[in-house]
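>>> Sequence and predicted model, in that order:
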Amino acid sequence: MRINGFDFVGELKWREVPFIYVSSKVSGARKTAVKKFVNTDLQLVEDLGANPRSYTIEACVAPLPSDDSKPVNPIDASDINYLTTRDILIELEGPGVLVHPLYGTIPDLVVTSYSLNEQVTSVGIGKISIEFKASNSDGKPVAEALTSAEISADNIEVMEKVEESIKKDYFADVKLQGVYAAAKNKVEQIGEFLQDKLSFVGKIEDKIEEISNVIADFQDQAVALVSVPDDLADSITNVFEIINGSIDTGEATFEVLKEFFEFGFITDIELKFNTKGNDKKKTNNRTLNNAMNCNALSNSYLSVSKKNYKTVDEIDADILILEGQMTAILSAPEVDSSLLDSLLDARENILILLTAKKLTVSKIIEIETQLTSSRALSYRYYGDDSEAEDISKLNRNNGLMISGQVQIFSA
């Protein structure tokens, strides 16, 4: 999604005033004192504690759209009231709260410098670079209060929008033989696709009877569903509801739902001639492709919200997969605008939740060790053997002795 020429990553707020996020840098590490000595090639680096994080943000002063006013209409640079408010907020004394689209909520920051480049010719948008430093804090983000329940509410809204898009855009009247035949083929393709994935589900989850039944019902009713958009919409979303509701863990659910990504993006045959019949066939294919893919991604957001992550690397790997599917959907032709808005809102919330999860999980670090066991390493670094099995898996040593460069989890 692009707003006023910039890719919309998420909401950026300083003292509750919204900006359009462009880019950012974060710096930190440790405070040190380097001590050098006469007649020696060595030096001593003394650790003086953590260096609070600082942030440099590039943003635009045009406000973001409110929930009921999309797409955004940029504020004109001649709007003195808005620009005056912006300047007061930036130069206001004392610490404030920064809401960052990638890092989360960061309290107790002060603005130490800024520079503004007014671009009146570019629809009145001024780009601003602001440097923030932590005041009486470490400058780290705090966990957001988002929960999987809120992600579940987002998922329900997306599925409702999926159903609305099918009921609005899909059409297959038996009297239009070519359109009906193509639609019947597409619905049967969905059924075959679901049945094909069932074998994969069986490898992940033992209890697949409920999922198997709902897929079998979809295939049995495929012909009847072709010409009834309301029933077709309900049946498609029902499959994803059953998948997300019948598998025990978020980990297993996500493994299954990943298999449903990018449905129809490759298999559809391009219809080259722009006849009325072909236009309707294209609309039907597009609508059902988007329904499958948006359902798969939205339900994936819900499944990862329930996952128990061990490391930041695991979270980053899942984000990469989710963003890949989001990119594929954004690249698809003519996704229904209200559906896309709901999906982007769900995306923003899951990224906030996963960013918060990063604050509570470990990072993978490397240590140097002589020949030892995973159990001994667990006792050495964590005080008990609770991490022994995970250290062994992390280093792929199957419980054998390990030495040299070894990966462990930060405390």
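Thanks, I have the structure now. Just so we're clear, the structure is a prediction, and the values are computed from it rather than from any experiment.
>>> now the nearest residue to Lys280 once chain neighbours are set aside: how far from Asp279?
Using Cβ to Cβ, 6 or more residues apart in numbering and skipping residues adjacent in sequence, the residue nearest Lys280 is Val179, 5.0 Å away. (Glycine included, C-beta is placed from N, CA and C.) Distance of Val179 to Asp279, computed by Cβ to Cβ, to the nearest Å: 10 Å.
>>> and the residue nearest to Lys280, helix, strand or coil?
For Val179, the assignment made with DSSP: H, G, I helix; E, B strand; the rest coil gives helix.
>>> give me the number of residues near it?
Val179: 21 surrounding residues under other Cβ atoms under 10 Å.
>>> quick check: domain ranges of the protein?
According to automatic domain parsing, the chain comprises the domains 2-134, 148-358, 364-409.
>>> most packed of those?
domain 148-358 (a mean of 18; mean count of other Cβ atoms under 10 Å).
>>> just checking, Ile321 touches Leu257?
No: checked against Cβ atoms under 8 Å, the pair Ile321 and Leu257 is beyond contact range at 10.2 Å.
>>> ok, longest strand in this structure?
strand 104-119 (DSSP state E).
>>> what is the mean pLDDT for it?
The average of the pLDDT scores along strand 104-119 is 80.
>>> now stretch 323-337
What stretch 323-337 shows for mean pLDDT is 88.
>>> Figure out the length between the terminal residues of it.
Here the two ends of stretch 323-337 are set 19 Å apart, with distance taken as Cα to Cα, to the nearest Å.
>>> Now do the helices in the stretch 151-300 of the chain.
177-204, 209-220, 222-226, 229-246, 250-257, 276-305 (DSSP state H, counting those that start in this stretch).
>>> wait, what's in contact with the nearest residue to Phe260 once chain neighbours are set aside?
Nearest residue to Phe260, sequence neighbours excluded (Cβ to Cβ, 6+ apart): Ala296, at 3.9 Å. By Cβ atoms under 8 Å, 6 or more residues apart in numbering, the residues touching Ala296 are Phe240, Leu257, Phe260, Phe261, Phe263, Gln325.
>>> and what of Ser137?
By Cβ under 8 Å, 6+ apart, the residues touching Ser137 are Pro52, Pro107, Asp108.
>>> Give me the average confidence score over stretch 172-180.
For stretch 172-180, the mean pLDDT works out to 80.
>>> let me fix that: stretch 31-43
For stretch 31-43, mean pLDDT rounds to 80.
>>> Could you do stretch 404-411 as well?
72.
>>> between the helices of the stretch 151-300 of the chain, which gets nearest to Leu12?
Nearest to Leu12, of all the helices of the stretch 151-300 of the chain, is helix 276-305, at 21.4 Å by Cβ to Cβ.
>>> Asp138 - how many residues pack around it?
So Asp138, with other Cβ under 10 Å, has 12 neighbours.
>>> Spit out the contact partners of the nearest residue to it once chain neighbours are set aside.
Once flanking residues are discounted, Asp138 sits nearest to Pro52: 5.2 Å by Cβ to Cβ, 6+ apart. The contact partners of Pro52, by Cβ under 8 Å, 6+ apart, come to Gly28, Lys133, Ala134, Ser137, Asp138, Gly139.
>>> Backbone dihedrals for the residue lying closest to the third one once chain neighbours are set aside, please?
What it means is Ala134. Ranked by Cβ to Cβ, 6+ apart and with sequence neighbours excluded, the top spatial neighbour of Ala134 is Pro52, at 3.8 Å. Pro52 adopts backbone torsions of phi -50, psi 140, taken as degrees, to the nearest 10.
>>> what does Gly404 give?
With angles defined as degrees, to the nearest 10, Gly404 sits at phi 80, psi -140.
>>> Kindly state the beta-bridge partners for it.
Thr369 (DSSP bridges).
>>> Read off the pLDDT value for Ile236.
If you check Ile236, the pLDDT there is 89.
>>> What's the separation between it and Ala332?
Taken as Cβ to Cβ, the span from Ile236 to Ala332 is 16 Å.
>>> just for the stretch 301-411 of the chain, where's the confidence low?
Filtered on pLDDT under 70, the stretch 301-411 of the chain yields the residue ranges 359-360, 362-363, 382, 399-400, 410-411.
>>> which residues in it form helices?
For the stretch 301-411 of the chain, the helices defined by DSSP H, counting those that start in this stretch occupy 312-331, 337-358, 374-382, 388-394.
>>> Distance to Ala291 added to the ones you listed, as CSV?
Converted to CSV, the helices of the stretch 301-411 of the chain look like this (distance: least, Cβ to Cβ, whole Å):
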stretch, distance to Ala291
helix 312-331, 11
helix 337-358, 9
helix 374-382, 47
helix 388-394, 38
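>>> Out of the ones you listed, which gets nearest to Ile151?
helix 337-358 (5.9 Å).
>>> How far does the closest one sit from its chain's centre?
6 Å (Cα atoms, centre = their mean, to the nearest Å).
>>> what packs against it?
Packing partners of helix 337-358 (3 or more Cβ pairs under 8 Å, 6 or more residues apart in numbering; DSSP states H and E): strand 104-119, helix 148-169, helix 276-305, helix 312-331.
>>> could I get those as CSV with distance to Gly96?
Listed next are those as CSV, based on distance: least, Cβ to Cβ, whole Å:
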stretch, distance to Gly96
strand 104-119, 6
helix 148-169, 25
helix 276-305, 29
helix 312-331, 27
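>>> Tell me which of these sits nearest to Ala216.
Of all the helices and strands packed on helix 337-358, it is helix 276-305 that lies closest to Ala216, at 17.9 Å by Cβ to Cβ.
>>> Next, the angle helix 177-204 makes with the closest one.
20 degrees (axes from the mean of the first three to the mean of the last three Cα atoms, to 10 degrees).
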